[in-house]
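Novice: Sequence and computational prediction follow.
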Amino acid sequence: MEHLFYQIALTKIPKVGPVTARTLVSYCGSPQEVFLSSTKSLLKIPGIGGQLTQQIKSEEPLRAAEKELLHLEKQNIAALFYLDEHYPSRLKHYPDSPLIVYHKGSSNLNASRIVAIVGTRKPTVQGTTFCEEFLEQIAPYEPLIISGLAYGIDICAHRKALELKLPTVGVLAHGLAHLYPPTHRSVAQRMLENGGIITEYGFETNAEKEHFPLRNRIIAGMCDALLVVETARYGGSIITANFANEYNKDVFAVPGRVKDPFSAGCNELIKNNQAHLLESAEDLVRMLRWDLGAFRYGVQQQLFTELSVEEKNIVNLLRHDEEKDIDALTYLSQKSNSEMATLLLELEFKGVIRALPGKRYVLV
């Protein structure tokens, strides 16, 4: 509990974001040592000036952390620090990922398959129908479905996932004391039983306009693939797609009529090669190679196996550690999830690597 206290306190220092906080932990050794370090030691850290040092040495972050801990205990909320085992592994490799994620519910945030679904808040009947049909088609693969609990496509995805008994997680732009929009409270309550809600914001933090774009980076970072169902050229869904592309995620968009404003954003993503055109769940399954995921072939490693340059890069990454998960390999090699899945499968076929539980890989 003491470790958690200082981890939370680190997030309560004014004007200290994820990047600066990681720098402090890196130089000091732990969140606790950040607060125990002398003023002289803190001033030696690059980018940490006198004003920030004063804020670190004040009592306010510690008092705020104490208050936050009381809320966590009373509301049965888990606080996952970025170095914790249960922190979303797909998210933790990015420098701007949250220092702490607050999670309420029963979901495994490191499920083997995660699909994010976003879209307009005012969808057409065709848009909601497509979203529901997509989830019906993808249900046999049992993915975790994540979205933002907003009006429109978001809530459609959550409700249908619950109907299909698929785990579903809502990423919020405020603390867990609130729920925006409040009309979705009953859905959020049901999600706690098979999924949950998460946020990077402290318990009593209100929903602010600037929080929503930041929330979208979590949706993008946590998934294997992002699906955009109906969106205009500007808005939250496009921001999420941009984050997903920056994170080398597989982005899919549902095409629409040329002059349909509800499809303008999707069409533009496809036209600019920022999203794969998706007509059904089969397109996503094929791209991510989920259809081949169940088939593993025991192939003896051949002497002098010919490897491509990309395959050799993966082998070199695995030589530095005994094992790595697919998310670390994807981040380090700057490949999309589907590209990495294809390369790993080829290396398995050649008998060069072996898959372990939890999407981890080792050299044979």
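Specialist: Ah, there it is.
Novice: so where's the stretch 1-150 of the chain shaky on pLDDT?
Specialist: The stretch 1-150 of the chain contains residues with pLDDT under 70 at 1.
Novice: And the helices in it, which stretches?
Specialist: 2-11, 18-28, 31-36, 39-43, 50-57, 60-75, 125-138 (DSSP state H, counting those that start in this stretch).
Novice: how far off helix 60-75 does the first one point, in degrees?
Specialist: When you say that, I think you mean helix 2-11. 120 degrees (axes from the mean of the first three to the mean of the last three Cα atoms, to 10 degrees).
Novice: before we move on, what about the fifth one?
Specialist: Angle between the axes of helix 50-57 and helix 60-75 is 40 degrees (criterion: the same axes, to 10 degrees).
Novice: Tell me the buried residues in helix 50-57?
Specialist: 52-53, 56 (16 or more other Cβ atoms under 10 Å). No exception for glycine: its C-beta is placed from N, CA and C like everyone else's.
Novice: How is this protein divided into domains?
Specialist: 2-59, 105-290, 309-363 (automatic domain parsing).
Novice: what bits of the stretch 251-364 of the chain have low per-residue confidence?
Specialist: Within the stretch 251-364 of the chain, the segments meeting pLDDT under 70 span 292-305, 322, 358.
Novice: Do you have the helices of it handy? List them.
Specialist: Under DSSP H, counting those that start in this stretch, the stretch 251-364 of the chain gives helices at 264-271, 281-288, 309-320, 326-333, 337-349.
Novice: ok, the buried residues of helix 50-57 vs Asn242, which is closest?
Specialist: Distance ranking of these against Asn242, using Cβ to Cβ, places Leu52 first at 29.9 Å.
Novice: quick one: the closest residue to Leu363 other than its chain neighbours and Ile117, what's the gap?
Specialist: Nearest in space to Leu363, with sequence neighbours left out and distances taken as Cβ to Cβ, 6 or more residues apart in numbering, is Leu318 at 5.0 Å. Distance, Leu318 to Ile117, using Cβ to Cβ, to the nearest Å: 33 Å.
Novice: Give me the more crowded residue out of those two.
Specialist: For Leu318 versus Ile117, the count of surrounding residues by other Cβ atoms under 10 Å is larger for Ile117: 29 against 18.
Novice: dump the residue contacts of the more buried one.
Specialist: 131, 134-135, 145-147, 153-154, 157, 226-227, 229 (Cβ atoms under 8 Å, 6 or more residues apart in numbering).
Novice: can you do 7 Å?
Specialist: For Ile117, the contacting residues are 131, 145, 147, 153, 157, 227, 229, by Cβ atoms under 7 Å, 6 or more residues apart in numbering.
Novice: How about Tyr361?
Specialist: Counted by Cβ under 7 Å, 6+ apart, Tyr361 has contacts 318, 323-324, 344, 353-355.
Novice: quick one: which of those is nearest Arg257?
Specialist: Leu344 (38.4 Å).
Novice: Spatially nearest residue to that closest one (excluding sequence neighbours)?
Specialist: Of all residues not flanking Leu344 in the chain, Tyr361 sits nearest, at 6.2 Å (Cβ to Cβ, 6+ apart).
Novice: just Arg217 next, same as before
Specialist: Phe243 (4.6 Å).
Novice: what does Tyr87 give?
Specialist: Leu80 is the one closest to Tyr87 (Cβ to Cβ, 6+ apart), at 4.3 Å.
Novice: Any idea what that neighbour is bridged to?
Specialist: Val101 (DSSP bridges).
Novice: Quick one: neighbours of it, just the number.
Specialist: Leu80 has 22 neighbours, counted by other Cβ under 10 Å.
Novice: just Val118 next, same as before
Specialist: Neighbour count for Val118, taken as other Cβ under 10 Å: 30.
Novice: Could you list which residues are in contact with it?
Specialist: For Val118, the contact set (Cβ under 7 Å, 6+ apart) comprises 147-148, 153-154, 219, 226, 228, 237, 240.
Novice: Dump those residues to JSON lines, plus secondary structure and neighbour count.
Specialist: Below are the contacts of Val118 laid out as JSON lines (DSSP: H, G, I helix; E, B strand; the rest coil; neighbours: other Cβ atoms under 10 Å):
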{"residue": "Ser147", "secondary structure": "strand", "neighbour count": "27"}
{"residue": "Gly148", "secondary structure": "coil", "neighbour count": "28"}
{"residue": "Ile153", "secondary structure": "helix", "neighbour count": "28"}
{"residue": "Asp154", "secondary structure": "helix", "neighbour count": "27"}
{"residue": "Ile219", "secondary structure": "helix", "neighbour count": "26"}
{"residue": "Leu226", "secondary structure": "strand", "neighbour count": "28"}
{"residue": "Val228", "secondary structure": "strand", "neighbour count": "27"}
{"residue": "Ser237", "secondary structure": "helix", "neighbour count": "30"}
{"residue": "Thr240", "secondary structure": "helix", "neighbour count": "29"}
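Novice: The residue nearest to Tyr87 touches Lys104, doesn't it?
Specialist: No: Leu80 is beyond contact range of Lys104, at 11.4 Å (criterion: Cβ atoms under 7 Å).
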